[in-house]
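After the sequence you'll find the predicted model.
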Amino acid sequence: MRAGRDQALKSPLKVLQVAAELAPLLSTGGLAEVVNALPKALHDQGHDVRVALPCYRSIPESLRGKRIGACEAKLGPKRLGGTLRETRIPGTDIPVYLVEHPGYFGREHPYGHEGGEYGDNAERYCFFGLGLLDGLSRIGWKPDVINCHDWHTAPIVIFLKTRLANDPVWAGTPAVYTIHNLNFQGRFAADQLPFTGFDPALFRMECLEYFGDINLMKGAIVLADKLSTVSPRYAREIQTLEYGAGLDGVLRTRSDDLRGILNGIDYEVWNPARDPHIAAAFDHDDLGGKSLCKRDLQEAFHLPRRDAPLFGVVSRLTWQKGIDLIIDAAENLLDVDFQIALLGTGDAQIENRLIAAAQRRPGKVAVILRYDTAIAHKLFAGSDFFLMPSRYEPCGLSQLYSLAYGTVPIVRRTGGLADSVRNLSRVNGRGAKPTGLSFVPMTSQALLRAMHKAFDVYRAPKTLAALRVAGMEEDFSWARASRDYVALYREALAQAG
C-alpha cells in the first residue's frame, strides 16, 4: 500500500469531489459554480477527477444519466437502500455520480421549504455520504483523495475517519474538507444522533458536540486530514472571534492544516471578447464596445441613456451582502448624477426596500428582482462600477467577473474581496497596479465615500481606463487555483501515508 501511495504522490491523482450541488445540474449559488469549474481544471491537468452529489428531484431527468448499481446505508436502526447513477458534467467526459433515494431526495426543494430546512437533513446527508461510499466500493473505483465541500458532505469525512477507518476499501483514504461559508455548519438537535449512523462516543466537545447540539462541520474540521477555504484572508479571518462563527477555537487548533485558496472563474464563460449575451465585444486592448454595452444595459433596466456613472449590483439580497448599505447610500447621493442597476432576489424586506428606493429615485435606481443569466452578463459588461459591500465574503465571484469585464469593483475589504481587489489609494510603486476601490468600516457613510471617489475616477478618463485594463489583465483562472488544490491533495496523501 505504501508503494502505491508513493506513486500517487508523483503521478496523476484520482480525485473525488463531493458537494450538495453542481452547475448546471443544480445550482443555488457560487458553490455549484466552483464544483463545476474545479474538476474541469483538474481534468485538464491530467487527473482522473469525478464528482458526486445527491440525485435531487429538481435535476432534469435528461441530466441524471443511467443507473449503474445499488447502494446501502445503515443509519442507527434503519438499513436503507438506494441507487447509484452515473452521468457527466455537461460538455465534458467527467463522470458524475448521483445517489438516488426518492424519500430523501425526491422532494420538491433540495434543502427545505419556505418554513425552513427539512427536519431530517442530518439523516438525509448522512445517508448520502454512506450510500455514496458503499456504491463506489461496489463499482470498483477508489479515489486517492476525497475533497468534501461544506456541511452537507461533512458526514463523509466523519465516517471515513471513524466507522470506516478499518474498512477494506476505505481505510486510510485522505479527506480534504473545504469550507465555502463557515456560517452554515449543519447544526442539529442531539436527539437526531441515533439516525445519523455516527458512533454515540463522537458526541463530545472534542468532536461533534456543540452547545448540546450536533455540529457536522465541526466534526469534519476536527477529523479531516487537511482543510481549505476559498481565499487566503478568509482562512485567517475564520480563526478570529469576529468571523469564526463559534468555531474559531477549533480552527485555530488546525491552523497548520488549513489553506486559503482563492476561487477562480471560467474565462470561457466570462469573457467580453466572445460573450453571446452582450451588445458588443471588447477586450483590454480595445474598450470601445463597452460604451455600447452600457447603452444596452440602460435599456434593459429602463434607465435613461445619459453620461453618468452607472453602478451595477448582481447579488443575493441578504444581510451578508450589505444591500442595505447600498440603499442608504443611494438615498444620500445628493446633487450628483448617477445610476444604479441591481439584479437579484432574496430577503423580502430587502426587496421591498429596493422597490421603494427605485420609486423614490426614478431614472437613477432600477431593480430586477430575479436572477437572469443574460442580464447578469449585460450588467457586468455595461456597468462602470460594481458594488459589493459585503459584511463578510469568503471569496466572492462577482468581483472577479467585474474585473474580467473592465467594470471597476467597489468592495469592502474583507475575505476574498481584499485578496482580489487592489485599492486605488493603497497600491504603492512596487509594480502592483490598482484594480478597484475598497473601504473597511461597515457603514453606509464609508460606502458613500468610496462612491464619491468613483465619481472622481469617472471624471478622469485616463485613470478609469487604467483601472479597467489592469482588472482585465488579472488572472483568476481555475488553472492557477487548481494547482494549489493538487498541492494540498498531495500533502494530505503524504500525511495519511
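Good, I have the coordinates.

tell me how far stretch 42-52 is from the chain's mean position?
The chain centroid and the centroid of stretch 42-52 are separated by 19 Å under Cα atoms, centre = their mean, to the nearest Å.

pretty sure Gly30 is touching Leu400, no?
No. Counting by Cβ atoms under 8 Å, Gly30 stays clear of Leu400, with 10.4 Å between them. For glycine as for every other residue, the C-beta is placed from the backbone atoms N, C-alpha and C.

what residues are shared contacts of those two?
Asn263 (Cβ atoms under 8 Å, 6 or more residues apart in numbering).

Those two: which is more packed in?
Between Gly30 and Leu400, counted using other Cβ atoms under 10 Å, Leu400 has the larger neighbour count: 23 against 19.

Just want the phi and psi numbers for that one.
Taking degrees, to the nearest 10, you get phi -70, psi -40 for the backbone angles of Leu400.

Looking at it now. What's its pLDDT?
pLDDT, Leu400: 97.

Domains of this protein: list them as residue ranges, please.
2-264+479-496, 289-475 (automatic domain parsing).

closest one to Ala273 among those?
domain 289-475 (9.1 Å; Cβ to Cβ).

So, low pLDDT: which residues of the stretch 1-150 of the chain?
Low-confidence segments of the stretch 1-150 of the chain (pLDDT under 70): 1-9, 115.

Next, please give the residue ranges for the helices of it.
2-8, 30-44, 102-105, 121-139 (DSSP state H, counting those that start in this stretch).

in the second one, what's buried?
By that I understand helix 30-44. Neighbour-count burial for helix 30-44, counted by 16 or more other Cβ atoms under 10 Å, picks out 30-43.

The longest one now?
Taking 16+ other Cβ under 10 Å as the basis for neighbour counts, the residues of helix 121-139 that come out buried are 121-137.

Could you check how far the residue lying closest to Ala358 once chain neighbours are set aside is from Pro309?
Nearest in space to Ala358, with sequence neighbours left out and distances taken as Cβ to Cβ, 6 or more residues apart in numbering, is Val365 at 4.6 Å. Val365 is 13 Å from Pro309, where distance means Cβ to Cβ, to the nearest Å.

Of these two, give the one with the bigger neighbour count.
Val365 (26 against 20).

Dig out what the more buried one forms beta bridges with.
Ile340 (DSSP bridges).

That one and Arg353 touch, don't they?
No. Using Cβ under 8 Å, Val365 is not in contact with Arg353; the gap is 10.9 Å.

what's the neighbour count on the residue lying closest to Pro110 once chain neighbours are set aside?
Residue nearest to Pro110 in three dimensions, not counting chain neighbours: Tyr56, with 4.8 Å by Cβ to Cβ, 6+ apart. Using other Cβ under 10 Å, Tyr56 has 21 other residues around it.

same thing with Glu331?
15.

Check the closest residue to Glu473 other than its chain neighbours and give its pLDDT.
Leaving aside its sequence neighbours, Glu473 sits nearest to His284 (Cβ to Cβ, 6+ apart; 5.7 Å). The model reports His284 with a pLDDT of 95.

Distance of His284 relative to Phe476?
14 Å.

do the same with Tyr210
Applying Cβ to Cβ to Tyr210 and Phe476 gives a distance of 35 Å.

Asp248 too?
From Asp248 to Phe476 the distance is 28 Å (Cβ to Cβ).

Looking at those two, which is more packed in?
Neighbours were counted for Asp248 and for Phe476 using other Cβ under 10 Å; Phe476 has more, 19 against 16.

Hmm, that one is touching Gly416, no?
No. Counting by Cβ under 8 Å, Phe476 does not reach Gly416; the two are 10.1 Å apart.

any common contacting residues for the two?
By Cβ under 8 Å, 6+ apart, the residues touching both Phe476 and Gly416 are 262-263.

Quick one: mean pLDDT for stretch 313-320?
95.

Please read the previous query as pertaining to stretch 202-220.
97.

now do the same end-to-end measure for it.
12 Å (Cα to Cα, to the nearest Å).

Name the residues that touch it?
122, 125, 148, 150-151, 153-155, 157-158, 162, 175, 177, 179, 182, 184-190, 192-193, 196, 198, 222-223, 246-247, 250.

what do you get if the cut-off is 7 Å, keeping everything else the same?
Defining contact as Cβ atoms under 7 Å, 6 or more residues apart in numbering, one finds that stretch 202-220 is touched by 122, 148, 151, 154-155, 157-158, 162, 177, 185-190, 192-193, 198, 222, 247, 250.

Going through those residues, which ones are buried?
122, 148, 151, 154-155, 157-158, 162, 177, 185-188, 192-193, 198, 222, 247, 250.

So which of those belong to helices?
Under the assignment DSSP state H, these contribute 122, 154-155, 157-158, 222, 250 to helices.

re the thing from before, got the domains of the chain as CSV, with distance to Pro272 columns?
What follows is the domains of the chain, written out as CSV (distance: least, Cβ to Cβ, whole Å):
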stretch, distance to Pro272
domain 2-264+479-496, 17
domain 289-475, 5
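
For His277, which of those domains is the nearest?
domain 289-475 (3.7 Å).

any low-confidence regions in the stretch 351-497 of the chain?
426-431.

which residues of it fall in strands?
365-368, 385-388, 408-412, 437-439 (DSSP state E, counting those that start in this stretch).

export the second one as PDB, just CAs?
It stands for strand 385-388. What follows is strand 385-388, C-alpha atoms only, in PDB (Å, rounded to 0.1, in the frame of the first residue of the first chain):
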ATOM      1  CA  PHE A 385     -18.500  50.300 -11.300                       C
ATOM      2  CA  PHE A 386     -19.600  47.200  -9.400                       C
ATOM      3  CA  LEU A 387     -20.800  47.500  -5.800                       C
ATOM      4  CA  MET A 388     -20.000  44.700  -3.300                       C
END
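
Please identify the pairing partners of it and their relative orientation?
Going by DSSP bridges, the partners of strand 385-388 are strand 310-317 (parallel), strand 408-412 (parallel).

how far out from the middle of the chain is it?
18 Å.

Kindly report the same for the shortest one.
A distance of 22 Å separates the C-alpha centroid of strand 437-439 from that of its chain, computed with Cα atoms, centre = their mean.

what does that strand contact?
408, 410-413, 421, 423-424, 446-447, 449-450, 453-454.

hmm, which two among the residues you listed are most spread apart?
Val408 and Ala446 (17.2 Å).

what number of residues lie near Arg449?
Arg449 has 15 nearby residues by other Cβ under 10 Å.

what residues are up against it?
Phe439.

do you know how far it is from Ile327?
17 Å.

swap in Gly135?
48 Å.

same check, this time on Ala356
Taking Cβ to Cβ, one finds Ala356 at 9 Å from Ile327.

between these two, who's got more neighbours?
Taking other Cβ under 10 Å, Ala356 and Ile327 do not tie; Ile327 has more neighbours (20 against 13).

Now tell me what touches the host helix or strand of the more buried one from outside.
Using DSSP states H and E, Ile327 sits in helix 323-332. Residues from elsewhere that reach helix 323-332, judged by Cβ under 7 Å, 6+ apart: 313, 315, 317, 340, 350, 353-354, 357, 361, 365, 387, 389, 444, 447-448, 451.
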